[in-house]
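> Any chance you could fold what I've pasted below:
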Amino acid sequence: MIGFGAGEPDFPTPEAIVKAAQAACAEPASHRYSPTAGLPALRSAIAAKTLRDSKLSVEPSQVLVTNGGKQAVAHAFSVLCDPGDEVLIPAPYWTTYPESVALAGGVPVAVKSRQSNGFRVTVEDLDAAVTSRTKVLLFVSPSNPTGAVYPRDEIEAIGHWALERGLWVVTDEIYEHLVYGSAVFHSMPVVVPELQDSCLVVNGVAKTYAMTGWRVGWLIGPHDAIAAATNIQSHETSNVANVSQAAALCAVSGDLDAVAAMKVAFDRRRQTMVRLLNEIEGIECAEPQGAFYAFPSVKGLLGKDILGHRSATSAELAELCITEAKVAVVPGEAFGAPGYFRMSYALGDEDLAEGVRRLAELFGQAKS
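Next comes the predicted model:
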């Protein structure tokens, strides 16, 4: 089985980070409870790293260290949403976003984007979706699952739109360092500084430092919102594991050499995957600008006879890929975008080429 589903780098965590964790294991202070909001040294390092990487200036007291980016997302909506509050979520979206909104009592409202626009929503799209009950706009760039990266002028327009309507913004910046070609990452509260009092930033070490299993993320925002999120975390999970925090401290205090090396490999795989997928009749794949996912349209294969099966949906087609080609992909239904596959290129070059070859062989048997 070759899997294109995992949303994590296939590289090991850099050695220096692992050694920092090993040293922390032997330190008695790591064996005890520590502050819910995170080790003071780590909160300070995250504030410094944020200024270095995105130019957003925050105080350590505006940082909450969480159990991965997912907990930061959950806290953001728990703090902001009262029952019935609507949250605008550009689609395609990461599967967790609408669920976190619903768990917080909010109402997720999908705002559909278009492939012709690079899977980026516009101010006009948002205007059509906003109501008197809208409380929050979720903004993600670079995007999981599409790899879309918003240019600065579009970020500025959307940020001012949210500001004028009195909305909070939750911006997920977990893929900030994974952009390719001419694409450039921009942080919305930096582009629109007037938003800083009504914006929560989600980030973490998972993607940049190949640390998905260490479970360290963070939430940055105004003092009152971070204090509320910290209160929630104190009752849900207390502090993040101290050994993981020590590893994260080493990561964010260091350079970006590891992610630079990963980007070279990801960029090569990105271009290879897009080229190979576009050679398959019935598939159309736009070139992603960020993250490490391709999001090909498989609409041209739906309804075709493939080994006696006629898949009506991309979910059914994904099942066929597993059973007949031993290739696992994530169907677009999971992201609010039926008719597409999400395919991670964060896997070895040989597996990538072999997996797409198997799909080409399978889909090459398609008949009208």
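
> isn't there a strand covering S78?
No: judged by DSSP: H, G, I helix; E, B strand; the rest coil, S78 forms no part of a strand; its state is helix.

> shouldn't it be in contact with Q233?
No: using CB atoms under 8 Å, S78 is not in contact with Q233, being 9.7 Å away. (C-beta placed from N, C-alpha, C; glycine too.)

> which one of the two has more residues nearby?
Per other CB atoms under 10 Å, whichever of S78 and Q233 has more neighbours is Q233, with 25 against 20.

> Give me the buried positions along the helix or strand containing that one.
Using DSSP states H and E, Q233 maps to helix 223-236. The neighbour-count check on helix 223-236 (16 or more other CB atoms under 10 Å) flags 225-226, 228-230, 232-233 as buried.

> just stretch 316-329 next, same as before
Those would be 317-318, 320-321, 324-325, 327-329, for stretch 316-329 by 16+ other CB under 10 Å.

> List the ones among those that fall in helices.
317-318, 320-321, 324-325 (DSSP state H).

> wait, what's in contact with the closest residue to D85 other than its chain neighbours?
The shortest distance from D85 to any residue other than its chain neighbours is 3.8 Å, reached at K135 (CB to CB, 6 or more residues apart in numbering). Taking CB atoms under 8 Å, 6 or more residues apart in numbering, we find K135 in contact with 80-82, 85-87, 106, 167-168.

> try E156
191-192.

> got JSON lines for the buried residues of helix 223-236, with distance to F266 and pLDDT too?
JSON lines is the format used below for those (distance: CB to CB, whole Å; pLDDT from 0 to 100):
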{"residue": "A225", "distance to F266": "33", "pLDDT": "98"}
{"residue": "I226", "distance to F266": "32", "pLDDT": "98"}
{"residue": "A228", "distance to F266": "36", "pLDDT": "98"}
{"residue": "A229", "distance to F266": "31", "pLDDT": "98"}
{"residue": "T230", "distance to F266": "34", "pLDDT": "98"}
{"residue": "I232", "distance to F266": "34", "pLDDT": "98"}
{"residue": "Q233", "distance to F266": "32", "pLDDT": "98"}
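
> Just put the residues you listed in TSV and tack on distance to R268.
Output for those, formatted as TSV (distance: CB to CB, whole Å):
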residue	distance to R268
A225	40
I226	39
A228	44
A229	39
T230	42
I232	42
Q233	39
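
> In the stretch 101-250 of the chain, what residue spans correspond to helices?
123-129, 152-164, 188-191, 223-236, 242-253 (DSSP state H, counting those that start in this stretch).

> Can you tell me which of the contacts of K135 are buried?
For the contacts of K135, buried by 16+ other CB under 10 Å: 80-81, 85-87, 106, 167-168.

> how is this structure carved up into domains?
In the domain annotation for the chain, the residue ranges read 2-9+258-363, 15-253 (automatic domain parsing).

> Quick check: mean pLDDT of the first one?
For domain 2-9+258-363, mean pLDDT is 96.

> how distant is it from the center of its chain?
18 Å (CA atoms, centre = their mean, to the nearest Å).

> and the end-to-end length of that domain?
16 Å (CA to CA, to the nearest Å).

> Over to the last one?
The distance separating the two terminal residues of domain 15-253, taken as CA to CA, comes to 14 Å.

> what's the angle between the helix ranked longest in the chain and helix 242-253?
The longest helix of the chain (DSSP H) is helix 257-278. Between helix 257-278 and helix 242-253, the angle comes out at 90 degrees (axes from the mean of the first three to the mean of the last three CA atoms, to 10 degrees).
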